[in-house]
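Novice: this is a predicted model, with the sequence first.
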Amino acid sequence: MNVMRRNYYLFSFLFSLLSLSTFAQENDPIVMRINGKDVPRSEFEYHFNKNNTDEVIDRKSVDEYVELFINYKLKVEAALDAKLDTLSSYQQEFRSYRDQQIRPLMVTPEAEEAEVRAYYENMLSQLEGKQLIQPAHIFVRVPQQSSADQQAAAKARIDSIYSVIMGGQDFAEVAARASEDPSTAQRGGVIGWIGPHQLLKEIEDAAYALQVGEIGQPLQSTVGWHILKLMDQKPLEPYDTLAPRIRTFLEARGMRDRIADTMVDSLAKASGGEKTVQQVLDEQAEHFAAQDAELKYLIQEYHDGLLLYEICQRQVWEPAAKDTAALESYFKKNKKAYAFDKPHYTGALLQAQSPALLKQVQKALKKQKDESRWADLVKTQFNKDSVQVRFERRMFTQGDNALVDSLVFKVRQGKTKLNPRYPAVGVQGRMLKKGPSYWYDVSSQVVADYQALKEQEFVEELRRRYKVEVFKDAIATVNNH
């Protein structure tokens, strides 16, 4: 090939690549770039549409969601820089979520059909050429190691029952009244459809020897006496008739998981030991994600969502929740935000087995200034061996609890019903008329608000750390192309 021709093919190839790239960008343009990583429109649309369905109360506009999505991606970048994706705990959790989506996709209709067919063929072989039968029985139990008198009494009872039936009484009515097998007596003695090897051999042989409608003579087994009646018999239904029921039965017992396990193991073995089961699942995930954009972004959502949770838990939420000095300071600066519109009572409702015990508990709680330790105190000092005191600590308002209403808010609405085991009732705590006195009076609210503040500060720091580019022309085409 001469130089000119070689150059012609080279430039033609390069031009085709550029054309494909341009085509891809036109059909899925980049809407933003976070820390040098492109975000295509399809990815943004996946998240935007998923989080802005008709059921969502606080729906966002595209522009509003852009800011939320940037914050989301920035946290993921921070987690990746912290190498949280290399943690074995993270990888295990991520793969667990991902594989729940991937494994069912590996199960082909042909593999399911083979499993259902194999189960049917096994049923057919177990019949050993016989039909299915539907026997009924009346049972008189003979206890193990029974005395001669007990055995004689059981024999006399079954003979008496047999005589009644032979005298013309309805088998089902007698079974319901006299059979000592409660599981079948309520159905007139009917055992259900069975095949070979599903009953005691002596009962099975006798049942198969009967004609439909025939009642056999009393029969003794290893557990007692039986009177058998053959209600019906039939051949096993054709495969096409039973297949839907077999499929439902097998699906409820993990058929798809078993098939997926078999397929993964087979692929791993076929590699000659070069691939582990996990590597096979990784490859299958890439394969299916390349074919389905929805699946691709769902897997990425698992990946990024777990990283976001991990970075926020480590750097924001947990440190903020443990920093009691900062929480107290935050509460003091924002105390007005937690003001009450009606009185509250913070403390414990106590129900004790005696008035003397109630006084002891109240005295012990009064000495313990740290109210967060009250529950442990009651448990270790008063309820160590048994529950002598019922304890409930929280913030009460009028109407929350009838006993607190009566003891604290002086509400009289007839006689309050007491637990007879715990007749002594009292409270220990503080009345808060205008608002909480300490941050721990409203700890859950203060912690949540302080965590939100620290998360906002974290995002602001990330926006300074990482470069963010938003392409407004591409954003304008979201859900509009």
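Specialist: Received it, and whenever you're ready, just let me know what you need. The structure displayed is predicted, hence computed values, not measured ones. Residues are numbered from 1 along each chain as shown.

Novice: only C-alpha atoms for contact and neighbour calcs from this point on.
Specialist: OK.

Novice: do you have the helices of the stretch 101-250 of the chain handy? List them.
Specialist: 109-126, 148-166, 171-178, 182-185, 201-209, 239-252 (DSSP state H, counting those that start in this stretch).

Novice: what's the answer for the stretch 351-481 of the chain, then?
Specialist: Under DSSP H, counting those that start in this stretch, the stretch 351-481 of the chain gives helices at 355-367, 374-381, 402-407, 443-465, 472-475.

Novice: re earlier: can you tell me which of the helices of the stretch 101-250 of the chain is most buried?
Specialist: helix 171-178 (a mean of 19; mean count of other Cα atoms under 10 Å).

Novice: pull the residues that contact it.
Specialist: Helix 171-178 is contacted by residues H137, I138, F139, I161, I165, A185, Q186, R187, G188, G189 when judged by Cα atoms under 8 Å, 6 or more residues apart in numbering.

Novice: pLDDT of it, averaged?
Specialist: Confidence for helix 171-178, expressed as mean pLDDT, is 96.

Novice: likewise for stretch 47-62?
Specialist: Average pLDDT, stretch 47-62: 89.

Novice: buried residues in that stretch?
Specialist: For stretch 47-62, burial by neighbour count (16 or more other Cα atoms under 10 Å) applies to F48, N52, V62.

Novice: ditto for stretch 356-366
Specialist: For stretch 356-366, by 16+ other Cα under 10 Å, it's L357, L358, V361, Q362, L365.

Novice: now that stretch: how far from the chain's centre is it?
Specialist: 43 Å (Cα atoms, centre = their mean, to the nearest Å).

Novice: tell me how many other residues crowd L306.
Specialist: L306: 19 surrounding residues under other Cα atoms under 10 Å.

Novice: which of the contacts of helix 171-178 are buried? Put it as a ChimeraX command.
Specialist: This is how ChimeraX selects the buried members of the contacts of helix 171-178, with burial counted by 16+ other Cα under 10 Å:
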select :137,138,139,161,165,185,188,189
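
Novice: list just the nearest of the contacts of helix 171-178 to P420.
Specialist: For those, the residue nearest P420 by Cα to Cα is Q186; the value is 41.7 Å.

Novice: so how far is S183 from the residue nearest to that closest one when sequence neighbours are not counted?
Specialist: Excluding its sequence neighbours, the residue lying closest to Q186 (Cα to Cα, 6 or more residues apart in numbering) is A176, at 5.5 Å. Separation of A176 from S183 (Cα to Cα, to the nearest Å) stands at 10 Å.

Novice: please apply the same query to R314.
Specialist: 57 Å.

Novice: from L327, how far off is R463?
Specialist: In terms of Cα to Cα, R463 sits 25 Å off from L327.

Novice: these two: which is more packed in?
Specialist: More crowded of R463 and L327, by other Cα under 10 Å: L327, with 21 against 17.

Novice: can you list the residue ranges for strands in the chain?
Specialist: 30-34, 37-40, 132-141, 219-220, 224-234, 344-352, 389-397, 424-432, 468-470 (DSSP state E).

Novice: okay if I get those as a markdown table plus distance to W439 and mean pLDDT?
Specialist: Converted to a markdown table, these look like this (distance: least, Cα to Cα, whole Å; pLDDT from 0 to 100):
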| stretch | distance to W439 | mean pLDDT |
| --- | --- | --- |
| strand 30-34 | 38 | 97 |
| strand 37-40 | 42 | 97 |
| strand 132-141 | 70 | 96 |
| strand 219-220 | 77 | 94 |
| strand 224-234 | 72 | 96 |
| strand 344-352 | 12 | 94 |
| strand 389-397 | 13 | 93 |
| strand 424-432 | 13 | 94 |
| strand 468-470 | 38 | 97 |
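
Novice: just name the most buried of those strands.
Specialist: strand 132-141 (a mean of 24).

Novice: return the alpha-carbon coordinates of that strand using CSV.
Specialist: Coordinates of each C-alpha in strand 132-141 appear next as CSV, following Å, rounded to 0.1, in the frame of the first residue of the first chain:
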residue,chain,number,x,y,z
LEU,A,132,-52.5,-40.3,42.0
ILE,A,133,-55.0,-41.3,44.6
GLN,A,134,-57.1,-39.3,47.1
PRO,A,135,-57.6,-41.4,50.2
ALA,A,136,-59.5,-40.5,53.4
HIS,A,137,-59.1,-42.2,56.8
ILE,A,138,-60.6,-42.4,60.3
PHE,A,139,-57.8,-42.7,62.8
VAL,A,140,-57.6,-44.1,66.3
ARG,A,141,-54.2,-43.5,68.0
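
Novice: what is that strand packed up against?
Specialist: Applying 3 or more Cα pairs under 8 Å, 6 or more residues apart in numbering; DSSP states H and E, one finds that strand 132-141 contacts helix 148-166, helix 171-178, helix 182-185, strand 224-234.

Novice: do you know how far E77 is from L462?
Specialist: E77 is 9 Å from L462, by Cα to Cα.

Novice: so what sits against both of the two?
Specialist: By Cα under 8 Å, 6+ apart, no residue touches both E77 and L462.

Novice: quick one: closest of the helices of the stretch 101-250 of the chain to V447.
Specialist: Judged by Cα to Cα, the one of those that comes nearest to V447 is helix 239-252, at 43.9 Å.

Novice: quick check, pLDDT for Q413.
Specialist: pLDDT recorded at Q413 is 69.

Novice: let me redo that: T276
Specialist: Taking T276 on its own, its pLDDT is 93.

Novice: chain neighbours aside, what residue packs nearest to it?
Specialist: A268 (5.8 Å).

Novice: residues in contact with the one you found?
Specialist: Each residue near A268 by Cα under 8 Å, 6+ apart is listed here: E274, K275, T276, V277, V280.

Novice: for the helices and strands packed on strand 132-141, give me CSV that also has distance to N27.
Specialist: Formatted as CSV, these follow (distance: least, Cα to Cα, whole Å):
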stretch, distance to N27
helix 148-166, 82
helix 171-178, 73
helix 182-185, 66
strand 224-234, 62
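
Novice: quick one on the thing from earlier: and which of the contacts of helix 171-178 is nearest V442?
Specialist: Q186 (58.4 Å).

Novice: report pLDDT for the closest one.
Specialist: Value for Q186, per-residue pLDDT: 92.

Novice: on that earlier part again, comparing the helices of the stretch 351-481 of the chain, which comes out most buried?
Specialist: helix 402-407 (a mean of 18).

Novice: pLDDT (mean, whole number) over it?
Specialist: Helix 402-407 comes out at a mean pLDDT of 91.

Novice: which residues does it contact?
Specialist: Residues contacting helix 402-407 (Cα under 8 Å, 6+ apart): L349, F396, Q398, G399, V411, R412, T416, G426, V427.

Novice: not counting sequence-adjacent ones, nearest residue to the fifth one?
Specialist: Distances taken as Cα to Cα, 6+ apart place D405 nearest to V411, at 5.3 Å, with adjacent residues excluded.
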